[in-house]
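**Q** give me coordinates for this.
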Amino acid sequence: MISIEQIRPELTWRLRQAVLYPAQKLYEMELDEDQEGIHFGAFTDNALVGIISLFQTDRSFQFRKLAVLPEYQKMGIGNELLCRVEEFAESEGGTVIWCNARVSAIGFYMKAGYAHTGKLFSKNGFDYEILEKNLTPRSSH
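**A** Numbering: from 1, shown residues only. Coordinates of the predicted model:
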């Protein structure tokens with residue numbers, strides 16, 4: 001049983017490091033904008049097994065650092081985290097959600113309804129493409 005809850009940014013750092021940047025130091029995992037973001041964790045048996053961070057600019061939301069521990073991958077946890085941030089963005093009036101997807105993960109995002117933008121770049125030894133998905137904002141009335 002997975003539960004997804006909002007968490008403090010510092011709770012994301014160890015998992016970011018373990019899954020996404022194993023060669024880097026833990027203190028390098030903090031993003032300058034972490035304090036402005038909204039962070040979600042996937043828990044099973046009170047253990048944090050997946051994370052995602054969400055950042056808002058007007059009606060556009062970017063999610064970053066989606067990571068699930070290797071032993072919990074291929075179990076739908078990444079999809080649950082993705083759905084949670086999409087629902088949150090829609091509830092906040094978001095019209096689009098996007099990410100810088102590692103090329104190795106593009107297939108995962110395409111299955112979740114994301115679209116290619118054709119905007120490619122490389123950073124820190126990884127190749128990325130910006131992917132996006134249109135949202136249907138929910139009225140807060």
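**Q** can you map out the strands along the chain?
**A** 3-7, 38-44, 47-57, 60-68, 96-102, 115-123, 126-134 (DSSP state E).
**Q** nearest to Ala89, of the ones you listed?
**A** Across the strands of the chain, Ala89 has its closest neighbour in strand 60-68 (4.0 Å, CB to CB). No exception for glycine: its C-beta is placed from N, CA and C like everyone else's.
**Q** parallel or antiparallel, list what pairs with that closest one.
**A** Strand 60-68 sits in its sheet next to strand 47-57 (antiparallel), strand 96-102 (parallel), going by DSSP bridges.
**Q** what's the top helix by length along the chain packed up against?
**A** Counting residues, the longest helix found in the chain (DSSP state H) is helix 77-91. Counting contacts by 3 or more CB pairs under 8 Å, 6 or more residues apart in numbering; DSSP states H and E, helix 77-91 is packed against strand 3-7, strand 38-44, strand 47-57, strand 60-68, strand 96-102.
**Q** mind putting those strands in JSON lines, mean neighbour count included?
**A** Listed next are the helices and strands packed on helix 77-91 as JSON lines, based on neighbours: other CB atoms under 10 Å:
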{"stretch": "strand 3-7", "mean neighbour count": "13"}
{"stretch": "strand 38-44", "mean neighbour count": "20"}
{"stretch": "strand 47-57", "mean neighbour count": "19"}
{"stretch": "strand 60-68", "mean neighbour count": "21"}
{"stretch": "strand 96-102", "mean neighbour count": "19"}
